[in-house]
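>>> Below are the sequence and a predicted model for it; my questions follow.
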Amino acid sequence: MNRRTVLGGLFAAASVPALSACASGVTSLDGSGSASGGGGSSKGGVTIGTANFTENQVLGYLYAAALKQAGVKVTVRPNLGTREIVIPALKSGDIDLLPEYQGALLNYLDPKATAAEEGAMQNALTLALPKGLQILPYGAAEDSDAFVVTRETAKKYGLTSLADLKKQNGKLVLGAAPEVKKRRVGAVGLKDVYGVDLKEFKSLDSDGPLVKGALKKGDVDVANLFTTDTDIEANDWVVLADPANLIPSQHIVPLIADRKADDTVRKALARLGNVLTTAQLTELNRLVDKDKKDPEEVADDYAKRHGLAE
Amino acid sequence: MYELLKNLGTWLTSGASWSGSDGITHRLAEHLQYSLLATLIAAAIGLPIGLLIGHTGKGAFLAINLSSFGRALPTVGLVVLVFLAGGLSMLPVYVALVALAVPAIVTNTYAGMTAVDPDVRDAARGQGMRGHQVLFQVELPLALPLIMTGLRLALIQVVATATIAAYVSFGGLGRYVFDGLAQRDLVQVLGGAVLVAVVAVALDLLLSGLQRLLFRHRTA
């Protein structure tokens, strides 16, 4: 079984040069093709980069495990930094593959984009990506923004969805990272889409100790967290529903350089994308953040348990 | 680069960026308020300690090392620690700023006191002056230039560090730095940093001028 996968991988890799020559011939007809456009090859190995937070590292190692099983040589360069650093590194060839999030990536590429539903977002992303980069099919797991209140606050004001916040106009304090003040998925969108007037906006951190501490102590009423944060469940906090689709879909999506995107990589990552759920990803985050386990071990262990690694 | 400097110039000179609750005037006032209050609290703690250990010559080792401990504490870490313990208020910011300012005040006050010529101190005692008279009428005036230097150092450090108030949702010039970074607005970041530097240098010049004015009759 294993050997067949490896052989299949080799075959796919070996057949790529012919394919790419053909593809570049076709794309150059409409003037948009580059010499190297079309297919790529993972034969020389794939370098995976990750951004500087736990979940992205775990995802990077999960990608690595899935690719290794498919017979691809993998190097992981974890903790490189923010999108401002990793995307240029991807373009320049220092890394080849990156675990990304639909909405956040689209907002980085095109801040004016309005697509929010996952299918529309996939198309918008494909259009917005610079030459030489592409996204693969998105996975089932999603790490999106969430507006969260404590159980007591939810009961006190009768809050279940973002639309309910309007009833308490002028009373509630929102705590979030400084950028959320001017971002659509934040004070601006709450006002435009749900007609919410906040009492105050407090600039804290992005799903870190400050904003969670402030929510716990009641210094803020509503906090902007991420759906894969284990503290939400641990503290019995309530995630407010988003009936008007203000918060864009944030399914996890592989961002890859054209030069490495071949069938082997595509299939290995699609298989992982189908298996990994949001709840499982949350659990993996918890193992690293709370139990202080090594992200690589956590990812390898998960891959083994789910038949994604030998 | 040129474009950035041009935008910075526009930002610093446009009337819109100076007015309102998010304007430079208001942020500057907040920044000065945090800095001055923190330095005053630090002086109220550091000066008596420095004078006491300088005058008695006892406990210097402990006091100097303890206060230097405050200098070694990572400021942001201290802010988060006090915040997690006590909740969201200006308290974490003041604790961190005071911890930063106290060492400079204690060590310089102590240095000023020990630099007083022992013969002068002996002469004062020989004339029948009591302990507190020696302290306030002889030692303190002689140590004053170094004490002032300590206060100046403390204030400059505090002004430069008071930007962390913005880290826990409060105001001051740090608002521009933190918001600018988060919103990828480099002009705002740079503007905030330049303003902090200008305030620090201006305050330093002001205080050193004051110091020279006060001690103009002295040669050393």
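Sure thing, it's come through.
>>> Name the spans of chain A whose pLDDT lies under the cut-off.
In the predicted model of chain A, residues A:1-39, A:310 satisfy pLDDT under 70.
>>> For it, just list every one of the helices.
A:2-27, A:54-69, A:83-92, A:102-109, A:118-128, A:151-157, A:189-194, A:209-217, A:230-234, A:263-275, A:278-289, A:295-305 (DSSP state H).
>>> Need the CA coordinates for the second one. CSV is fine.
Read that as helix A:54-69. The C-alpha coordinates for helix A:54-69 follow below in CSV (Å, rounded to 0.1, in the frame of the first residue of the first chain):
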residue,chain,number,x,y,z
THR,A,54,0.2,27.9,17.5
GLU,A,55,-2.6,26.8,15.2
ASN,A,56,-0.7,27.7,12.1
GLN,A,57,2.3,25.8,13.2
VAL,A,58,0.1,22.7,14.0
LEU,A,59,-1.4,23.0,10.5
GLY,A,60,2.0,23.3,9.0
TYR,A,61,3.1,20.0,10.6
LEU,A,62,-0.2,18.4,9.6
TYR,A,63,0.5,19.4,6.0
ALA,A,64,4.0,18.0,6.4
ALA,A,65,2.7,14.6,7.7
ALA,A,66,0.2,14.3,4.9
LEU,A,67,2.8,15.1,2.3
LYS,A,68,5.3,12.8,3.7
GLN,A,69,2.8,9.9,3.5
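>>> ok so, going back, now render the helices of chain A as a markdown table, adding mean neighbour count and distance to A:Lys181.
Just so you know, the C-beta spots here come from the backbone N, C-alpha and C atoms, and that holds for glycine as well. Converted to a markdown table, the helices of chain A look like this (neighbours: other C-beta atoms under 10 Å in any protein chain shown; distance: least, C-beta to C-beta, whole Å):
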| stretch | mean neighbour count | distance to A:Lys181 |
| --- | --- | --- |
| helix A:2-27 | 14 | 43 |
| helix A:54-69 | 25 | 24 |
| helix A:83-92 | 16 | 19 |
| helix A:102-109 | 21 | 15 |
| helix A:118-128 | 16 | 24 |
| helix A:151-157 | 14 | 21 |
| helix A:189-194 | 18 | 11 |
| helix A:209-217 | 21 | 13 |
| helix A:230-234 | 15 | 22 |
| helix A:263-275 | 20 | 33 |
| helix A:278-289 | 19 | 26 |
| helix A:295-305 | 19 | 31 |
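>>> Reformat those helices as CSV; add distance to B:Ala111.
Compiled in CSV, the helices of chain A are given as follows (distance: least, C-beta to C-beta, whole Å):
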stretch, distance to B:Ala111
helix A:2-27, 71
helix A:54-69, 47
helix A:83-92, 45
helix A:102-109, 53
helix A:118-128, 62
helix A:151-157, 54
helix A:189-194, 56
helix A:209-217, 38
helix A:230-234, 48
helix A:263-275, 64
helix A:278-289, 46
helix A:295-305, 49
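>>> Of the ones you listed, give the one that comes closest to chain B.
Nearest to chain B, of all the helices of chain A, is helix A:209-217, at 4.4 Å by C-beta to the nearest C-beta.
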